[in-house]
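Colleague: Return a 3D structure for these sequence lines:
(4 chains)
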Protein chains: 4
Amino acid sequence: MASTSRAGQPADPADPATSLAGWSLPLSPDGRAALVPPPPWHFSGDAIGIDFRGDPAAMAAVLPRGLEAAGDGSASFVFCDWSSSADNDSRLADDPARGQYKEAYVAVHARLDGVSVARVPYIWVDSDLSLARGHLQGFPKKLGTVHITRAVSVGRGGPHVEAGATFAGHVSSLGRQLARASVTLRDPADPGFIPKAMRLPVWHTRLVPDLAGGEPLVRDLARNISTDFAVAQVWTGPGELEFYDSEFEELASLRPVEIVGAFRCSVAFTIVGAEVRPA
Amino acid sequence: MASTSRAGQPADPADPATSLAGWSLPLSPDGRAALVPPPPWHFSGDAIGIDFRGDPAAMAAVLPRGLEAAGDGSASFVFCDWSSSADNDSRLADDPARGQYKEAYVAVHARLDGVSVARVPYIWVDSDLSLARGHLQGFPKKLGTVHITRAVSVGRGGPHVEAGATFAGHVSSLGRQLARASVTLRDPADPGFIPKAMRLPVWHTRLVPDLAGGEPLVRDLARNISTDFAVAQVWTGPGELEFYDSEFEELASLRPVEIVGAFRCSVAFTIVGAEVRPA
Amino acid sequence: MASTSRAGQPADPADPATSLAGWSLPLSPDGRAALVPPPPWHFSGDAIGIDFRGDPAAMAAVLPRGLEAAGDGSASFVFCDWSSSADNDSRLADDPARGQYKEAYVAVHARLDGVSVARVPYIWVDSDLSLARGHLQGFPKKLGTVHITRAVSVGRGGPHVEAGATFAGHVSSLGRQLARASVTLRDPADPGFIPKAMRLPVWHTRLVPDLAGGEPLVRDLARNISTDFAVAQVWTGPGELEFYDSEFEELASLRPVEIVGAFRCSVAFTIVGAEVRPA
Amino acid sequence: MASTSRAGQPADPADPATSLAGWSLPLSPDGRAALVPPPPWHFSGDAIGIDFRGDPAAMAAVLPRGLEAAGDGSASFVFCDWSSSADNDSRLADDPARGQYKEAYVAVHARLDGVSVARVPYIWVDSDLSLARGHLQGFPKKLGTVHITRAVSVGRGGPHVEAGATFAGHVSSLGRQLARASVTLRDPADPGFIPKAMRLPVWHTRLVPDLAGGEPLVRDLARNISTDFAVAQVWTGPGELEFYDSEFEELASLRPVEIVGAFRCSVAFTIVGAEVRPA
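Modeller: Numbering: from 1, shown residues only, chains lettered A, B, ... in the order given. The predicted model follows:
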């Protein structure tokens, strides 16, 4: 039922119909104006995450048809400070204003074809590249202001990665605080441990409405195909998480009723394509 | 050859397949999280614009197949301070953080089927709503920081709308200045005069690449169908315009070789749908 | 008791001791780097304001010694979209990124020497020029993100200045919403009417702590000496106002218990110097 | 001649004259609104720096009377990603939006009383706390947008701290790019090596103009008294540096004519007070 395909795009192919180049908008004569380069895309980040349980009915209500609710209201909230690069666009790695961004999202645990998966109903980032790249994947990104505690390697200006250190994150959008979290490191995780929020495949809805009316131009389910997944410096410990109301969001209905655990880790992977299914 | 259609979308229709609602991403149970509401969308703005000529070959090079170059290198650069609202989402009008935004763009004059039209190859805005709403139309929007002189109605803190007053705009993105312009008001325009940059229909390329590989999911030509166009307080006068290099842009190839004229005006219209043609 | 003086600073005087010039930091060879030019400073803005009453004890608690509480808990909250210029620095008027800014503040009504005055205990702006210029006056400015509804002159993208139109403002700082207000225009004010929040002299504390220890380098009371005050397009009508908690602020203790009235107006004045008294 | 003093301020002392508390503005009943807490302040950061030579006359021209030019036009440009905390305000460490900030500055090498020192004529930061705290020290801070490449610890999204890795920084203000730099790591520095830009004492001018006219309220020379200085992970290698024109700055006159070297390091120190001399 699923049509699987790995991306095999040439880098910035010239438009077959004209001289305009660009994998995404904007098209331009040399293809240098395009916002999103073609994959592969590489990601390295420092994340803090809170595993929690909310109202099971509210969690089920954010799942599209085809995904089955986990049933126990389990979900994770993640803040991540990302660096990204692209094989076909060296400017992402060369310029910190282009490749780096901060992100906050909630991942609701679910099942698809009997396999544990996740759904990210809500996510905020602080970069247009990340927003547009996300929409192409089905990540429903909006702009937000995200702050995440950085680890320091010397001195007392901030926390070191060590037992007892606390790392916090918060996200706001349109002037409203949306979520706030912290984790206090207790122990390095066992070797091989990967936080659930980092390893569940995430199924998105790709949706492109048609301004000309009628059915959407695109509406399907998609998940990224990724390689080279790695985590490092995984610590776990107690955490805190709060959601806040905003008239522009429905995150608050997923608010935590129980904190299951929390972690901080470094994480990396490469996105090479997507698997797609009918919505 | 063109398939024309007016949008007749219900407001935030529930997903026919699930309980999720939203004209655009993010989908949510109540449809309140969606970034872009369905049209009609209303726009009111204060614009400054510079009509100029650049290198005709460079202007022709940013046109997609199907659009014929004007031949004389004519184009306009516009800064606009927008307020927007939507019939189906009162939050745009109610909250200045949601409906208001600033925009800068270049419109290259062209011809399609013998009619004068325009193409906007490059455009920057400071709002995620505007960016995502633009991508759905084919506007190739990126985030930028846009500053535009506001008119004042009392005192000496800024210019009044009167002869001799200068209004300026500039746009930067990723820390680079991209364009800078100013107009000095000389005369109110004759009744009925509409700046060319405000009245040419703009033909966009809607482009949605497929992360799963192969051909784009969407690739066509589109122009907005709009109603209730109006201008007010149109003044003309001498102007200045400069473009600057950025490794992320190709705007500089369109740089002005001759300033034709400049204007300041208030402008309004309503977007109700789109006309679409094959790319 | 008060030592009154009008500023008679030459424009960007050269440092008498060296070749460095600048009325404020940064000093530089040509004086072009200075953040704040010397007065006179001109201001023109569009303001919305809410007159309200809070807890009288809380209002009294934000007054410095020397100011007597109004006793009835009366105060005003104002959002203003400012354009500013300076006789000695044409760059403020020439560049919208430099002279324009948005501001939100609370003004607590009080008495000094038997005269009605105001105190602004808390204020947020979105510009470094405004922040530094404010600190020199004693305005205790912090950075915030301020959004204010703009009036439009044509179309339906935003409100016109007319009966029934609603104008809103909100301010956030460090990701927390701090205050939100709106006014719905009912009637143009009578000729000569000036909102109280616009006409009370504001007494500030100028405070410069000494990093070397001991008493502050500067600690006195000051109010601006201004000329050319004007208001225009004053409308009144019902208003709404809410304050929110933040661990970085004490604004919430001044929260409204009664809304007295609301207004929208354009306002202008020129600051030429200061009157100073011992703290 | 110098009056030296270590700060021994109590934490957030209550105003002796009233009930208002706060080491800096804003004063408030509980002292929680103050922008700047009293020292000691702790700083930990990741810095990239370029040692360069410019026009000796231009370098001499940014020094105040009392500082002697190094004569060879030597200076350093530094980008730093800071985390800061304060003994008397736990909120700086607890909240990443409050304690963390990014900074870019030029340090001109000079001599005072026969000792090698530095002068920072121009500096930009992206936080109001850092700006206000800097002004109290004499750092002539303005707001800027600063981007600095972060090191990653896993994956290919960004550079690791290793030979061949390139780290870049750039700063813009008011929409203009001001400076851009990069360093490509070649070797870890010898143990005990401290980049000159990190170890020279910096002499500032504290300057507070008086809006009431006449002489400035404060004008002296000051340097921070700091303890617990440490560097870590110091790497050196070839670097690049460019300055750009802006009508709001005079940085361009200090533009590099020769790159001497470049480094990347982590750095930390604690500021406890200031040493002050007459200007």
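
Colleague: okay, CA-based contacts and neighbour counts for the rest of this
Modeller: Will do.

Colleague: Please tell me how far A:Val152 sits from chain B.
Modeller: Counting by Cα to the nearest Cα, to the nearest Å, the separation of A:Val152 from chain B is 26 Å.

Colleague: For that residue, give me its contacts.
Modeller: Applying Cα atoms under 8 Å, 6 or more residues apart in numbering or on different chains, one finds that A:Val152 lies in contact with A:158-161, D:44-45, D:83.

Colleague: quick one: which of those residues is nearest to B:Gln233?
Modeller: D:Ser83 (50.2 Å; Cα to Cα).

Colleague: in the sheet, who's paired with the closest one?
Modeller: Taking DSSP bridges, one finds D:Ser44, D:Gln100 as the beta-bridge partners of D:Ser83.

Colleague: got the contact list for it?
Modeller: Shown in contact with D:Ser83 (Cα under 8 Å, 6+ apart): A:150, A:152, A:157-158, D:43-45, D:93, D:99-101.

Colleague: cool, A:Asp81 as well?
Modeller: A:45-47, A:100-103, A:148.

Colleague: Name the SS class of it, please.
Modeller: strand (DSSP: H, G, I helix; E, B strand; the rest coil).

Colleague: Compute the distance between it and chain B, please.
Modeller: Applying Cα to the nearest Cα, the value for A:Asp81 to chain B is 18 Å.

Colleague: can you check A:Gly134 too?
Modeller: 11 Å.

Colleague: And for that residue, the neighbour number?
Modeller: A:Gly134 has 18 neighbours, counted by other Cα atoms under 10 Å in any protein chain shown.

Colleague: Tell me what the residue nearest to it when sequence neighbours are not counted is bridged to.
Modeller: Take A:Gly134 and drop its neighbours on the chain: the residue closest to it by Cα to Cα, 6 or more residues apart in numbering or on different chains is A:Lys141, 6.3 Å away. Taking DSSP bridges as the rule, A:Lys141 bridges to A:Ile123.

Colleague: From the contacts of D:Ser83, pick the one nearest chain B.
Modeller: D:Tyr101 (16.9 Å; Cα to the nearest Cα).

Colleague: Tell me where the stretch 1-150 of chain A has helices.
Modeller: Secondary structure of the stretch 1-150 of chain A (DSSP state H, counting those that start in this stretch): helices at A:56-61, A:91-94, A:96-99, A:128-137.

Colleague: Dump the last one to CSV, restricted to CA.
Modeller: Put plainly, it is helix A:128-137. Provided in CSV are the C-alpha atoms of helix A:128-137 (Å, rounded to 0.1, in the frame of the first residue of the first chain):
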residue,chain,number,x,y,z
ASP,A,128,12.5,30.1,7.5
LEU,A,129,14.7,27.4,6.1
SER,A,130,13.6,25.0,8.8
LEU,A,131,9.9,26.1,8.5
ALA,A,132,9.8,25.6,4.7
ARG,A,133,11.9,22.4,4.8
GLY,A,134,9.6,21.1,7.5
HIS,A,135,6.4,21.8,5.5
LEU,A,136,7.8,19.8,2.6
GLN,A,137,8.1,16.9,5.0
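
Colleague: average pLDDT across that helix?
Modeller: Average pLDDT, helix A:128-137: 98.

Colleague: so it versus helix B:128-137, what angle?
Modeller: Taking axes from the mean of the first three to the mean of the last three Cα atoms, to 10 degrees, one finds that helix A:128-137 is oriented at 50 degrees with respect to helix B:128-137.

Colleague: Which other helices and strands does helix A:128-137 contact?
Modeller: With contacts defined as 3 or more Cα pairs under 8 Å, 6 or more residues apart in numbering or on different chains; DSSP states H and E, the packing partners of helix A:128-137 are strand A:141-143, strand A:204-208, strand A:218-237.
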